[in-house]
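> what follows is a predicted structure for the sequence shown.
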Amino acid sequence: MKQEFSMPSLALRIPTEADAYKLMEELVWPGGEPPACPHCSAAEKFYYLAPKDGTDGRKTRTGAVSQRRVWKCSACRKQFSVMTGSIFHGSKIPLRTWLLVLFEMVSSKNGVAARELERKYGLTPKSAWFMTQRIREAMKRGPLADLLSGTLVADETWIGGDPGNQHARAKLALGPDRWTTRKITVLSVIDKASGEARSAVVPNIKAGTLRKAMERELEINLGASTLHTDSARHYVTLAATTKGHEVVNHDAGEYVRNGISTNAAEGFFSQLKRSIDGTHHHVSKEHLPRYLAQFDWLYSNRKASDSERLRMLLGNVGGRRLTYRPLVGG
């Protein structure tokens with residue numbers, strides 16, 4: 001039976017950095033041992049470099065003592081650890097801190113602010129923000145994700161502030177465009193059978209734009225899907241490429257009819273906006289897709305326990321290395 005974690009029990013499970021490495025190996029690698037070398041992909045040709053003194057610590061080239069568990073491949077002769085090639089690759093933050101932050105991210109319905117992690121774990125603002133972005137990278141759908149089909153609920157929303165609430169000085173600087181909204185359009189699709197959510201930022205809500213977003217970014221097989229939407233014209237046009245289309249007319253006060261509604265998408269948007277407004281306060285357009293991936297993942301796995309979500313997320317950390325400079329446009 002798999003162990004169930006809570007924040008106190010997880011902290012007791014990893015009192016040292018060596019214990020954190022051991023637990024991470026148990027959670028990431030089948031049987032607690034590497035399935036293949038991350039450098040050359042050789043299988044069953046590596047061994048653990050046990051410290052000579054029999055303890056969990058080892059001296060580095062600088063003379064400092066490290067509790068990092070190191071393996072060596074006998075094929076390519078390179079060393080590696082459970083962090084190599086993953087979202088943790090190259091991180092100087094203790095793995096124990098990573099595990100605690102990961103658990104907070106998977107167990108917090110409204111998300112966790114980087115500033116909160118900075119205070120709680122003694123991190124710099126940049127390190128805390130970078131950690132959360134790397135974890136969100138692991139929450140993205142994999143490149144081999146299945147095409148979504150069946151009965152799907154589709155709707156769109158807008159993220160951002162009302163231009164009417166801008167300060168007078170900002171409105172004056174914008175001139176004639178001061179009343180033009182700069183809100184970001186988000187399209188979301190919910191699978192009614194599985195409860196999976198997929199979201200994407202779209203430039204507009206034209207039928208052609210939404211169709212391309214659904215087919216390319218959200219990976220939806222429209223020809224095998226029945227859409228449940230509101231009565232917006234762009235969905236009526238889009239329905240020509242779908243298997244079926246059911247509509248509820250919100251303008252006429254109709255929200256549910258014979259099991260047809262957009263309530264699943266409305267509920268997802270409600271949680272998304274509460275999380276962004278209440279926890280993060282502001283998310284830029286450049287980074288919003290990664291936040292959408294986070295809340296898609298949390299919504300899709302909402303029925304799993306916190307421990308199950310931790311295991312699922314750690315199953316996605318490999319091969320998703322994210323470096324800082326490209327992240328900030330450098």
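It's in.
> surely Met214 and Gly223 touch.
No: Met214 lies out of contact with Gly223 (CB atoms under 8 Å); the separation is 11.3 Å. For the C-beta atoms, the positions are set from N, CA and C on the backbone; glycine is no exception.
> okay, those two: which has more neighbours?
Met214 (26 against 10; other CB atoms under 10 Å).
> got a list of what the more buried one touches?
Met214 sits next to 154, 187, 189, 220, 222 when contact means CB atoms under 8 Å, 6 or more residues apart in numbering.
> so which pair among those is furthest apart in space?
The largest separation in those, counting by CB to CB, is between Leu187 and Leu222 at 13.2 Å.
> where does pLDDT dip in the stretch 201-330 of the chain?
The stretch 201-330 of the chain contains residues with pLDDT under 70 at 330.
> try 50
Scanning the stretch 201-330 of the chain for pLDDT under 50 picks out nothing.
> quick one, helices of it?
207-212, 233-238, 263-275, 288-300, 306-314, 324-327 (DSSP state H, counting those that start in this stretch).
> what's the second one packed up against?
For helix 233-238, the packing partners by 3 or more CB pairs under 8 Å, 6 or more residues apart in numbering; DSSP states H and E come out as helix 207-212, strand 220-230, strand 244-248.
> looking at this, Val186 is in a strand?
Yes: counting by DSSP: H, G, I helix; E, B strand; the rest coil, one finds Val186 located in a strand.
> doesn't Ile205 make contact with it?
No: if you go by CB under 8 Å, Val186 and Ile205 don't touch, sitting 10.4 Å apart.
> returning to that earlier point: by neighbour count, which of the contacts of Met214 wins?
Busiest of the contacts of Met214 [other CB under 10 Å] is Val189, holding 27 neighbours.
> residue contacts, that residue?
148, 152-154, 197-199, 214, 218, 220, 265.
> adding distance to Pro326, write the residues you listed out as JSON lines.
As requested, these are arranged in JSON lines below (distance: CB to CB, whole Å):
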{"residue": "Leu148", "distance to Pro326": "29"}
{"residue": "Leu152", "distance to Pro326": "33"}
{"residue": "Val153", "distance to Pro326": "34"}
{"residue": "Ala154", "distance to Pro326": "32"}
{"residue": "Ala197", "distance to Pro326": "27"}
{"residue": "Arg198", "distance to Pro326": "24"}
{"residue": "Ser199", "distance to Pro326": "22"}
{"residue": "Met214", "distance to Pro326": "27"}
{"residue": "Leu218", "distance to Pro326": "24"}
{"residue": "Ile220", "distance to Pro326": "28"}
{"residue": "Ala265", "distance to Pro326": "32"}
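> going by distance to Trp129, which of those residues wins?
Comparing those against Trp129 with CB to CB picks out Ser199 as the nearest, at 21.3 Å.
> next, count neighbours for Met24.
Met24 has 25 nearby residues by other CB under 10 Å.
> partner strands of whichever helix or strand Ala200 is part of, parallel or antiparallel?
Assigned by DSSP states H and E, Ala200 belongs to strand 197-202. For strand 197-202, the paired strands and their directions (DSSP bridges) are strand 184-191 (antiparallel).
> thought Leu322 was touching Arg134?
Yes: at 5.0 Å, Leu322 counts as touching Arg134 under the criterion of CB under 8 Å.
> more crowded one of those two?
Arg134 (23 against 17).
> and the more buried one, which helix or strand is it part of?
Counting by DSSP H and E, Arg134 is found in helix 125-138.
> now Thr209: closest residue in space that isn't a chain neighbour?
Val202 (5.6 Å; CB to CB, 6 or more residues apart in numbering).
> one more: Pro51?
Counting by CB to CB, 6+ apart, the residue nearest Pro51 is Arg58, at 4.5 Å.
> could you report the neighbour count for Thr62?
6.
> thinking again about what came up before, need the residues touching each of Val186 and Ile205.
Shared contacts of Val186 and Ile205 (CB under 8 Å, 6+ apart): Glu156.
> distance of the residue nearest to Glu17 when sequence neighbours are not counted relative to Thr60?
Once flanking residues are discounted, Glu17 sits nearest to Gln67: 4.0 Å by CB to CB, 6+ apart. If you measure Gln67 against Thr60 using CB to CB, to the nearest Å, the figure is 11 Å.
> cool, and Gly315?
30 Å.
> who's more crowded, the two?
Gly315 (12 against 9).
> got phi/psi on the residue nearest to the more buried one when sequence neighbours are not counted?
Nearest residue to Gly315 in three dimensions, chain neighbours excluded: Val28, at 7.4 Å (CB to CB, 6+ apart). Phi and psi for Val28, reported as degrees, to the nearest 10, are phi -100, psi -40.
> contacting residues for Val28?
82, 86, 314-315, 317-318.
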